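Trainee: sequence first, predicted coordinates after that:
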Amino acid sequence: MNSNRSTMATNDSAETSHQVLTFCLGSETYAVDILLVQEIRGWAPVTRLPQAPIYMLGMLNLRGSIVPVIDLRVRFGLEQAPFTPLTVIVVLAVHTASGRREFGLVVDSVSDVVDIDAAELKETPSLGGKASVELIKGLAAVADRMLILLNVDELIRRDLEQAQAPAMAGAA
Amino acid sequence: MTLEMDQFHSGFFEEAFESLDAMETALLQLDPGAPNAEAINSIFRVAHSIKGGSGMFSFTEVASFTHTLETLLDELRAGRMPVTRPTIDLLLKSTDVLRGMLQATQRKSPVDQQTVADIQFDLEQMLAKRPSAADTAAVVQVAPAPTNTSLSSAKPESLRPKQMTWTIEFRPTARLPEPGADPSRVFCELAELGTMALVAHADKLPAFADLDPEVCYLTWTITLTTELTSEAIQNILDWAEADCQLRAEEPASSRPDPAPIASNPPPPPPPSPPPATNLTPTGDAGGNSAKAATADSNSIRVATEKLDELMNTVGEIVIAQSMLMQLVDGAEPPPVDRIRAGLIHLERNVRELQESVMRVRMLPIRSAFSRFPRLVHDLSARLNKQIELKMTGEQTELDKKVLEKIGDPLVHLVRNSIDHGIELPETRIAAGKSAVGTLFLNAYQLGGSIVIEVGDDGAGLNLERILSKARAKGLVGPNDSLSNEAVANLIFQPGFSTTEVTTELSGRGVGMDVVRRNIEELGGTVELRTEVGKGSSVVITLPLTLAIVDGLSVAVGGEVYIVPLVAIIASLQFKRGVARQLAGVGEVFLFRGDYIPIIRLHDAFNLEPRCHDLDLGSVMVVECDGRKVGLFVDELLGQQQVVVKSMETNYRRIEGVSGATILGDGSVALILDIPGLVRYAAERSAA
């Protein structure tokens, strides 16, 4: 995947700007902190998990590590798209209190790397709509586009970390 | 510079903690009636080496405390003092304090001065009561010894080790270029002991023209105000002893001996305030939590034979691999069967390597058992019970990770036995048993597993009370009849406890289910056996290794799952009509005389099976905790050894699944959690 830098107008407040990787889900453009992105790879078959939420596609073998893969379209309430050779998995690696976690997000396609100024980050209006507002850190306007910045920590907390594991079908 | 020192420090701490453990074990085995001279000697040597090491690294508080300990031990080993129970108890307390000090020093946090001072005082008290008191600087001169032998009473402020002011005449004798002759190093050391004032005397300095640059003409008078004893100062001065003459003089105003004396009237107030009034406790200076902290270290001791084995196996692999390479590079094209033979040979060697590495990670269970003599000793004293601990099979080895995690469950089981199992001596005698109860710990290898037994010859479980408690909680229906075994296993339910009184040790009902869960997380099983009046025992079975599992791969609904071989009893193909419906339970079938329930895995995992008819697939009978279940799968694929990968690293624990693995074709397969599935079946039918 190629990622070309888009040069922002001279931004001397280097501390407040950080780089994000943008990707597309349907007609929307999302962004995630570039430092969290470990790799971008094509689609590979995953092993389904019993009784998992519908957006949890399953486990992927990532060079020996067992990595969960989430379908972001489904997670955000969009229709699930068919998986083609062009479907992309963005693998993130995050350092949490419980160690280093790797997980994958299935997205439609990956776009470029963009500088976002922290000052430009706007709050998300709560629309009561399909997207889970809690998973969004904020909105940024960059060159006519609206970037939706993903709150990765919240995603991990809700979907990946040790939580009440769903019981098996029919369990008391 | 600090990096190197840390390296040496860690070596010192590791050895020190190990020697302290050895010291504690030896102390516990000391019999006041017939003390073993060699044991006392070894205890002395531990104190001596810790003193030396800590002195070398300038851990002065540790050195000073250990010096007092060493003095007492010297008296014991020379036979000048008798070995009594109070002495042993005090020495045990001292090991706790010393451990706490070392841990604080290792973490670079302040040492709990209060506790140290208390025990040091007690040690000096004990020394004071020697039959023949020789007058050395270290020993307290005996005024009428206090009758207060209670070691935990609070001591009046005036009896604390106090500030003394020392005057040291420092005259270097060596020629300066000689290594170690630099006096400023000694001054720095002394300055750390307390408040130091330094006066240099330049009267011996000759005229510049006559000055020999290699001779030190200066002498110093050092005035040092410190809490530490003369030995601590002497220790430091000893290092410079070879180069200079020192006299430690006590100022005329101080009393003849530096150590505090119990019965003297309160001495004149110390000349300057104590330097460290910071008595923040560093956590308990002794006790099991301290011990538990040192148990989880990041290093491991490996017998060199194991490493030799590894080297040999790796050598074989290199040879096998190069043979294969030669084969491929050689004849055109290389015959497939030769390549296959070479690969089989390689596979054999890789398997050997796997097993060798596994063995490297294995340690004798002795280290998990080592905390129990002390625990039993303390607890039985506290509860006024007489308990003898018998440990066997301590050399049985298990994986280091398992060893670390098995400690807490074992402690819980031991505490249960002591608290609830073994009766008070009177009760035992009334029941016709000996007053001394026996607690046994046993470990041995059985096939591919390690078995650990914790048991006692106490009262056994009160099955009636358990049953009525379970009925009261609604866990068991009023008309259900359970086998004795099933009743016993009820204590594994969360929140279950039959004791009327919760003691500090147990009885809160959070124990046994956590124990079972911990053990199941290790891939093991727990079984409870009890006989009223005779005793109980808990049998823990653990796999030899966590990392590798022998399994049978099965297909369910297009997915591949691995069933651990150790749980499988049989696999069957049904005929039509074999399965029966049982109201409230579901499908059952007759297997070797018992009706066992069937779990349709595709139902449990919400998959679409290849077919729904039981006679078109396979049923695997698995067993756990004495309960059997039949698992219905599409087909059996094959047997293979798989490497277990944890789910929790990147995701969360899933019910019914104990881990994942990567198959030869690169896809992920889930490993079934048999105990979980068996429980699920039981709960489902109970619902």
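Mentor: Received it, and whenever you're ready, just let me know what you need.

Trainee: ranges for the helices of chain A?
Mentor: Counting by DSSP state H, one finds helices in chain A at the ranges A:72-75, A:152-155.

Trainee: give me whichever of the ones you listed is most buried.
Mentor: Neighbour counts (mean count of other C-beta atoms under 10 Å in any protein chain shown) averaged over each of these peak at helix A:72-75, with a mean of 20. All C-beta spots, glycine's among them, are computed from the backbone N, C-alpha and C.

Trainee: okay, which residue is most central for chain A?
Mentor: What sits nearest the mean C-alpha location of chain A, by C-alpha atoms, centre = their mean, is A:Leu105, with 5.4 Å.

Trainee: residue ranges with poor pLDDT in the stretch 251-400 of chain B?
Mentor: Low-confidence segments of the stretch 251-400 of chain B (pLDDT under 70): B:251-297.

Trainee: please enumerate the strands of it.
Mentor: Using DSSP state E, counting those that start in this stretch, the strands of the stretch 251-400 of chain B run over B:362-364, B:387-392, B:397-399.

Trainee: Provide the strand pairings for the last one, with the direction of each partner.
Mentor: In other words, strand B:397-399. Next to strand B:397-399 in the sheet, as set by DSSP bridges, lie strand B:362-364 (antiparallel).

Trainee: how far away is B:Ser299 from A:Ala81?
Mentor: 51 Å (C-beta to C-beta, to the nearest Å).

Trainee: neighbour count winner among these two?
Mentor: A:Ala81 (15 against 8; other C-beta atoms under 10 Å in any protein chain shown).

Trainee: from chain A, how far out is the nearest residue to B:Ile40 once chain neighbours are set aside?
Mentor: Distances taken as C-beta to C-beta, 6 or more residues apart in numbering or on different chains place B:Arg77 nearest to B:Ile40, at 4.6 Å, with adjacent residues excluded. Here the distance between B:Arg77 and chain A works out to 49 Å (C-beta to the nearest C-beta, to the nearest Å).

Trainee: please report the distance of B:Leu663 from chain A.
Mentor: 9 Å.

Trainee: give me the neighbour count for that residue.
Mentor: 16.

Trainee: could I get the phi/psi values of it?
Mentor: When read as degrees, to the nearest 10, the backbone of B:Leu663 gives phi -80, psi 170.

Trainee: which ones are touching it?
Mentor: Going by C-beta atoms under 8 Å, 6 or more residues apart in numbering or on different chains, B:Leu663 touches B:Ser553, B:Val560, B:Val642, B:Ala669.

Trainee: strands along the stretch 551-687 of chain B, start to end?
Mentor: All strands of the stretch 551-687 of chain B, identified by DSSP E, counting those that start in this stretch, fall at B:559-564, B:568-572, B:580-582, B:586-591, B:594-600, B:618-624, B:627-633, B:635-643, B:657-662, B:668-672.

Trainee: and stretch B:529-542, how far out from the chain middle?
Mentor: Counting by C-alpha atoms, centre = their mean, to the nearest Å, stretch B:529-542 is centred 24 Å from the centre of its parent chain.

Trainee: so which bits of that stretch are buried?
Mentor: Neighbour-count burial for stretch B:529-542 flags B:Arg529, B:Thr530, B:Gly535, B:Ser536, B:Ser537, B:Val538, B:Ile540, B:Thr541, B:Leu542 (criterion: 16 or more other C-beta atoms under 10 Å in any protein chain shown).

Trainee: shaky segments in the chain?
Mentor: By default, I'm working from chain A. Scanning chain A for pLDDT under 70 picks out A:1-16, A:126-132, A:162-172.

Trainee: correction: the question concerned chain B.
Mentor: The low-confidence ranges in chain B, as defined by pLDDT under 70, are B:1-4, B:130-164, B:173-181, B:230-232, B:235, B:238-297, B:494-510, B:545-547, B:625, B:683-687.

Trainee: which parts of it sit against chain A?
Mentor: Residues of chain B lying near chain A by C-beta under 8 Å from any C-beta of the partner chain: B:559-560, B:603-607, B:645-657, B:660, B:662, B:666-670, B:680, B:683-684, B:686-687.

Trainee: pull the number of nearby residues for the nearest residue in space to A:Ala44 that is not next to it in sequence.
Mentor: Spatial nearest neighbour of A:Ala44, excluding adjacent residues (C-beta to C-beta, 6+ apart): A:Leu60 at 6.1 Å. Neighbour count of A:Leu60, defined by other C-beta under 10 Å: 24.

Trainee: list the contacts of A:Leu60.
Mentor: A:Ala44, A:Val46, A:Thr47, A:Ile66, A:Val67, A:Pro68, A:Val69, A:Ile89, A:Gly104, B:Val668 are the contacts of A:Leu60 under C-beta under 8 Å, 6+ apart.

Trainee: who wins for neighbours among these?
Mentor: A:Gly104 (28 neighbours).

Trainee: ok, the residue in the stretch 101-250 of chain B that chain A sits nearest to - how many residues close by?
Mentor: Proximity of the stretch 101-250 of chain B to chain A (C-beta to the nearest C-beta) peaks at B:Arg107, 20.9 Å away. Applying other C-beta under 10 Å, we find 11 other residues in the vicinity of B:Arg107.

Trainee: B:Asp203 too?
Mentor: 8.

Trainee: gap between the two ends of stretch B:580-589?
Mentor: Distance across stretch B:580-589, first residue to last, is 6 Å (C-alpha to C-alpha, to the nearest Å).

Trainee: how near is B:Ile406 to chain A?
Mentor: Relative to chain A, B:Ile406 is positioned 22 Å away (C-beta to the nearest C-beta).

Trainee: wait, I meant B:Asp457
Mentor: Going from B:Asp457 to chain A by C-beta to the nearest C-beta gives 38 Å.

Trainee: can you tell me the closest non-neighbouring residue to that residue?
Mentor: B:Gly535 is the one closest to B:Asp457 (C-beta to C-beta, 6+ apart), at 4.2 Å.

Trainee: specify the beta-bridge partners of that neighbour.
Mentor: In this structure, B:Gly535 bridges to B:Glu531 when assessed by DSSP bridges.

Trainee: with that, I have no additional questions.
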